[in-house]
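Student: all I have is the shape, not the residue letters:
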């Protein structure tokens, strides 16, 4: 077993007496897709917000590539190679698709004073164009983010996160609101990123077909606590998981 | 009033309006660029303008520094004071409470501090005149008369506006400024140094106010109250939609021209109400401002 790229150890966070996540631990292997699933309010997005340093956990440690990041500011994430997308879009609405991508590549646009001023550094542009092509956003390159339809806004969130050139990608419900054809394309894209390019992905998702198809491991949260973990097949047959999703009665009788 | 005189007044009003309007436009730009990035209306903009004028006056008249040294020194001082105010005061206030109202009150505090400082030096006790850097010989444009100084004001202001637009639209740092204004949380996650962007915006905004001050100071009597001209800049910003840089510029010119036309056609005593009339008309018929785009409804 290789060293995990990300490990979360005994994470606990509460808001005004309500414990959102309790004593939660996961270890994510490099180059794998690890899904985080559970009913609404289970604490999945809260966990994401702790990892990307938007929330300050009450207890626990977050270790990325051997370095503890629990107390780093969120502005350090891009530099470390941690990128994320948001469930409720967090785009730069009045910027074009290209400009959104360029902000994503912000940490790669440094260098000399001239480079800092330059709006479109050629090396960065090549990579951005490749990502735009790959995510199917090419026809919308100069469209403002707010004028895209929801599916393309979701794709832009993903594309912008890729522009960071991350080693760890956190995706919060990337398939929500997408049509079946778009979900199939997302499936291929994420699988390629992990299998062929070695990107490590943690995904929160309610579209179970996608989760079961792409994930190497699945962790199930309910009421802020981990109730199961394993391969997709293992989790699917787990009684506690079925209870959490469908209720106890159904599980007993069904 | 016969037609010939009306045409003459119209030309004079337009030309003089463009000159004074370019100064309003610069001040409006300095207010709008801060509002765009942090949603704080900077109520100290007028006093930054006034203090910069006194700084230049002090260096040039009382320290007898040459112009080529006094002007860069004034601009650099303005930049530093504003950037440090952002870092030392606003950031702390934001951390302590996070309520935007407190940030606005902090800018009011800065305006009183600057006014107090200028009064303290004693230079603000009597009205003073600022040496003109360009001759005040008059030139005719059509039938309108204006001075070489007026033309220099207009040209310099337009050059500064062009530079600001270029910075915002075509540079990486400008893009970061726009991104921070739209979504600071996401910008931070992309590795944008939010604090540095805010400091830069405040510094640049003060430099623009200072340039406006250097341009207009020779035409007016300097007092510690000269910052009240910022009312016109706020009017210009509102007319332009308050978040649009081109809007601020157009708003500045509209206010300048309306003011001059009212002065010529109606009465010089009516000048003071003209800008407010324009604001009211804009707020009634196009509440988002001329360049404000559509209204965005925030989800609750």
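Tutor: Perfect, thanks for sending it. These numbers come from a predicted model, not from an experiment. Residues are numbered from 1 along each chain as shown, chains lettered A, B, ... in the order given.
Student: tell me who's in contact with the closest residue to residue A:93 other than its chain neighbours.
Tutor: Leaving aside its chain neighbours, residue A:93 sits nearest to residue A:146 (4.0 Å; criterion: C-beta to C-beta, 6 or more residues apart in numbering or on different chains). For every residue, glycine as well, the C-beta is placed using N, CA and C. Listed by C-beta atoms under 8 Å, 6 or more residues apart in numbering or on different chains, the contact partners of residue A:146 are A:91, A:93, A:94.
Student: could these go into CSV alongside neighbour count and secondary structure?
Tutor: Supplementary listing: those in CSV, determined by neighbours: other C-beta atoms under 10 Å in any protein chain shown; DSSP: H, G, I helix; E, B strand; the rest coil:
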residue, neighbour count, secondary structure
A:91, 24, coil
A:93, 16, coil
A:94, 17, coil
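Student: tabulate those (TSV), appending pLDDT.
Tutor: Below are the contacts of residue A:146 laid out as TSV (pLDDT from 0 to 100):
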residue	pLDDT
A:91	95
A:93	94
A:94	92
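Student: just curious, which of those residues is nearest to residue B:186?
Tutor: Distances from residue B:186 to these, taken as C-beta to C-beta, are shortest for residue A:91 (7.2 Å).
Student: ok, now how distant is that closest one from residue A:160?
Tutor: Computed as C-beta to C-beta, to the nearest Å, the residue A:91 to residue A:160 distance reads 7 Å.
Student: give me the common contacts of these two.
Tutor: residue A:100.
Student: list the buried residues for whichever strand or helix holds residue A:191?
Tutor: Per DSSP states H and E: residue A:191 is located in helix A:180-195. Using 16 or more other C-beta atoms under 10 Å in any protein chain shown as the test for burial, helix A:180-195 gives A:182, A:183, A:185, A:186, A:187, A:189, A:190, A:193, A:194.
Student: and the contacts of that helix?
Tutor: With contact meaning C-beta under 8 Å, 6+ apart, helix A:180-195 is reached by A:31-33, A:134-136, A:151, A:155, A:158, A:162, A:169, A:171, A:174-175, A:178, A:199-201, A:203, A:207, A:209-210, A:213-214, A:216.
Student: now do whichever residue of chain A sits closest to chain B, the pLDDT please.
Tutor: Nearest residue of chain A to chain B, counting by C-beta to the nearest C-beta: residue A:78, 3.3 Å away. We have a pLDDT of 93 for residue A:78.
Student: in space, what's closest to it - neighbours in sequence excluded?
Tutor: Take residue A:78 and drop its neighbours on the chain: the residue closest to it by C-beta to C-beta, 6+ apart is residue B:191, 3.3 Å away.
Student: any of the contacts of helix A:180-195 buried? List them.
Tutor: A:31-33, A:135, A:151, A:155, A:158, A:162, A:169, A:171, A:174-175, A:178, A:199-201, A:203, A:207, A:210, A:214, A:216.
Student: so for the helix holding residue A:191, mean pLDDT?
Tutor: Averaging pLDDT along helix A:180-195 yields 93.
Student: I'd like the distance from it to the chain centre, please.
Tutor: 14 Å (C-alpha atoms, centre = their mean, to the nearest Å).
Student: swap in stretch B:260-276?
Tutor: The answer for stretch B:260-276 is 21 Å, by C-alpha atoms, centre = their mean.
Student: show me what counts as buried in it.
Tutor: Within stretch B:260-276, the residues that count as buried by 16+ other C-beta under 10 Å are B:260, B:261, B:262, B:263, B:264, B:271, B:274, B:275.
Student: and what about the fourth one, helix, strand or coil?
Tutor: The three-state label for residue B:263, taken from DSSP: H, G, I helix; E, B strand; the rest coil, comes out as helix.
Student: for it, give me its contacts.
Tutor: Residues near residue B:263 by C-beta under 8 Å, 6+ apart: B:13, B:270, B:271, B:274.
Student: run the last query once more with 7 Å
Tutor: Residues near residue B:263 by C-beta atoms under 7 Å, 6 or more residues apart in numbering or on different chains: residue B:271.
Student: do the same with the third one
Tutor: If a contact means C-beta under 7 Å, 6+ apart, then residue B:262 has B:270, B:271, B:274 as its contacts.
Student: wouldn't the second one be in contact with residue B:258 here?
Tutor: No. Because the distance of 9.3 Å does not satisfy C-beta atoms under 7 Å, residue B:271 is recorded as not touching residue B:258.
Student: quick check: the gap between the residue in the stretch 1-150 of chain B that chain A sits nearest to and residue B:205.
Tutor: Closest contact between the stretch 1-150 of chain B and chain A, by C-beta to the nearest C-beta, is at residue B:36 (10.0 Å). According to C-beta to C-beta, residue B:36 stands 10 Å off from residue B:205.
Student: who's more crowded, those two?
Tutor: residue B:205 (28 against 20; other C-beta atoms under 10 Å in any protein chain shown).
Student: and the gap between the residue lying closest to the more buried one once chain neighbours are set aside and residue B:51?
Tutor: Using C-beta to C-beta, 6+ apart and skipping residues adjacent in sequence, the residue nearest residue B:205 is residue B:30, 4.1 Å away. Residue B:30 is 13 Å from residue B:51, where distance means C-beta to C-beta.
Student: one more: residue B:225?
Tutor: With distances taken as C-beta to C-beta, residue B:225 is found 12 Å from residue B:51.
Student: ok, back up a step: could you list which of the contacts of helix A:180-195 belong to strands?
Tutor: A:33, A:169, A:171, A:200, A:201, A:203 (DSSP state E).
Student: all strands for the chain, in order.
Tutor: All of this is about chain A. A:6-15, A:18-28, A:33-37, A:59-64, A:67-68, A:82-84, A:168-172, A:200-204, A:217-222, A:225-230.
Student: was after chain B, sorry
Tutor: So, for chain B - with DSSP E - the strands run B:128-129, B:138-141, B:144-147, B:221-222.
Student: okay if I get the ones you listed as a markdown table plus distance to residue B:284, mean neighbour count and mean pLDDT?
Tutor: Output for the strands of chain B, formatted as a markdown table (distance: least, C-beta to C-beta, whole Å; neighbours: other C-beta atoms under 10 Å in any protein chain shown; pLDDT from 0 to 100):
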| stretch | distance to residue B:284 | mean neighbour count | mean pLDDT |
| --- | --- | --- | --- |
| strand B:128-129 | 40 | 14 | 86 |
| strand B:138-141 | 34 | 12 | 87 |
| strand B:144-147 | 31 | 17 | 90 |
| strand B:221-222 | 35 | 16 | 89 |
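Student: burial count for whichever residue of the stretch 51-200 of chain B sits closest to chain A?
Tutor: At 3.3 Å from chain A, residue B:191 is the closest residue in the stretch 51-200 of chain B, using C-beta to the nearest C-beta. Each residue near residue B:191 was counted by other C-beta under 10 Å, and the total is 23.
Student: was I right about it contacting residue A:81?
Tutor: No. Taking contacts as C-beta under 7 Å, residue B:191 lies outside contact range of residue A:81: 10.5 Å.
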